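# Return a 3D structure for these sequence lines:
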Amino acid sequence: MNGSTIRELHMMEDLDAVSLLYADIWGSRPGASPISAEVMRALSHAGNYVAGAYEDGRLVGASVAFFGEPIGTSLHSHITGAVVGRGVGLALKMHQRQWALAHRLRRITWTYDPLIRRNAYFNLTKLGARPEQYLTSFYGTMHDTINGGDESDRVLVAWDLTAPSPPRVIEPPAGAAHRLRNREGRPETAATDAETVLIDLPDDIEALRRTDPGAARAWRLAVRESLGGLLAEGARVIGFHERRRYVVQRTTTPNAPQPTCDRPQRSHQS
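Alright, predicted model coming up:
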């Protein structure tokens with residue numbers, strides 16, 4: 001991200017600008033930004049993380065996070081939004097990581113929409129975060145441009161700041177089988193006893209919500225049943241293959257539910 005700076009924000013005029021930027025990114029109706037300047041002001045004043053990214057003095061991204069459980073070890077990233085394709089989102093997450101480490105924290109959690117491929121790739125492959133919990137309709141029905149009236153299923157991921165980065169490329173082992181396949185744009189599910197399971201995603205769920213809400217709804221339910229069901233059984237996501245499918249490994253040890261949660265974010269996390 002050439003020629004840009006990231007800094008913590010405290011002043012109302014800066015936070016007003018963040019609220020407007022978020023409203024523009026999410027396509028929210030007037031007065032319905034995903035988070036208000038007043039809430040950000042309170043979080044910042046209480047010592048939490050509120051930061052903005054600037055290019056040539058212009059706000060191009062922002063991130064808001066607060067301390068979560070376990071207290072003293074975890075930061076919960078509530079919302080991150082940035083212009084697409086300029087590396088701003090990654091720079092914000094790296095800044096957030098350094099802030100967390102400086103505060104002696106060991107992990108960062110957040111949620112994202114499991115149907116959005118670019119967010120899954122960013123979170124799992126570029127950052128190395130791993131899903132811990134599937135949250136059904138976490139925020140209820142959301143009517144901004146990104147969510148398009150869809151139910152707000154989210155996956156809670158955890159980023160272990162002390163662990164080495166996982167390999168960027170995860171190749172499914174021999175014997176891996178599709179639990180959910182993208183068949184000419186429609187979800188096709190199949191029962192499988194394979195130890196490693198593949199879960200495809202639609203090419204562009206945001207466009208599908210606008211052009212074919214019925215198909216978008218079918219994808220939501222199919223991913224909820226397949227990915228949500230596997231995570232509830234204790235399976236773990238070990239990677240994201242070819243930027244289009246989850247690689248899930250079954251295990252006999254259930255995942256412990258995590259008490260913190262997050263909000264969708266636009267260009268990457270979210």
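# Pull the distance from stretch 50-63 to the chain's centre.
Going by Cα atoms, centre = their mean, to the nearest Å, the spacing between the C-alpha centre of stretch 50-63 and its chain's C-alpha centre is 19 Å.
# pLDDT on that stretch, on average?
Averaged over stretch 50-63, pLDDT sits at 96.
# which of the residues in it are buried?
Residues of stretch 50-63 classed as buried under the neighbour-count rule (16 or more other Cβ atoms under 10 Å) are 50-55, 59-63. C-beta coordinates here come from the backbone N, C-alpha and C atoms, glycine included.
# the helices in this protein, which residues?
Taking DSSP state H as the test, the helices found in the chain are 12-26, 37-45, 88-102, 117-120, 205-211, 213-223, 229-232.
# Looking at the ones you listed, which is nearest to His241?
Taking Cβ to Cβ as the criterion, His241 comes closest to helix 117-120 out of those, the separation being 10.5 Å.
# Tell me which of the buried residues of stretch 50-63 fall in strands.
Among those, the members falling in strands are 50-55, 59-63 (criterion: DSSP state E).
# what bits of the protein have low per-residue confidence?
Residue ranges of the chain with pLDDT under 70: 1-3, 30, 142-149, 252-270.
# Would you mind splitting it into its domains for me?
Annotated domains of the chain cover 4-160, 177-249 [automatic domain parsing].
# Figure out the length between the terminal residues of the shortest one.
I take that to be domain 177-249. With Cα to Cα, to the nearest Å applied, domain 177-249 spans 11 Å between its terminal residues.
# swap in the longest one?
Distances were taken as Cα to Cα; on that basis the terminal residues of domain 4-160 are 27 Å apart.
# next one: it to chain centre, how far?
9 Å.
# Please apply the same query to stretch 163-178.
Using Cα atoms, centre = their mean, we find the averaged C-alpha position of stretch 163-178 to lie 20 Å away from the chain's own average C-alpha position.
# Give me the contacts around it.
The set of residues that contact stretch 163-178 without belonging to it, under Cβ atoms under 8 Å, 6 or more residues apart in numbering, is 125-126, 128, 190, 192, 194-200, 238-241, 247.
# Which among those count as buried?
125, 128, 194, 196-200, 238-241, 247.
# pretty sure Leu15 contacts Ala51?
No. Between Leu15 and Ala51 no contact is recorded; they are 11.1 Å apart, counting by Cβ atoms under 8 Å.
# can you list residues touching both of the two?
Common neighbours of Leu15 and Ala51, counting by Cβ under 8 Å, 6+ apart, are Leu9.
# show me what contacts Trp99?
8, 49, 51, 75.
# Neighbour count says what about the residues you listed? Which are buried?
For the contacts of Trp99, a burial check counting by 16+ other Cβ under 10 Å picks out 49, 51, 75.
# in the stretch 51-200 of the chain, which spans are strands?
58-68, 74-82, 107-112, 130-135, 154-160, 177-183, 186-189, 196-200 (DSSP state E, counting those that start in this stretch).
# and Arg29, how many neighbours does it have?
Neighbour count for Arg29, taken as other Cβ atoms under 10 Å: 11.
# typo on my end, it should be Met11
Other residues within reach of Met11 by the criterion other Cβ under 10 Å amount to 11.
# how close does it get to Arg104?
27 Å (Cβ to Cβ, to the nearest Å).
# Might one say that Leu124 is in contact with Ile238?
No. Using Cβ under 8 Å as the test, Leu124 is too far from Ile238 to be in contact (9.0 Å).
# any shared contact partners between the two?
With Cβ under 8 Å, 6+ apart as the test, Leu124 and Ile238 both reach Arg130.
# Near Thr251, how many other residues are there?
Neighbouring residues of Thr251 were enumerated by other Cβ under 10 Å; the total is 13.
# Distance check, it against Arg217.
Per Cβ to Cβ, Thr251 is found 30 Å from Arg217.
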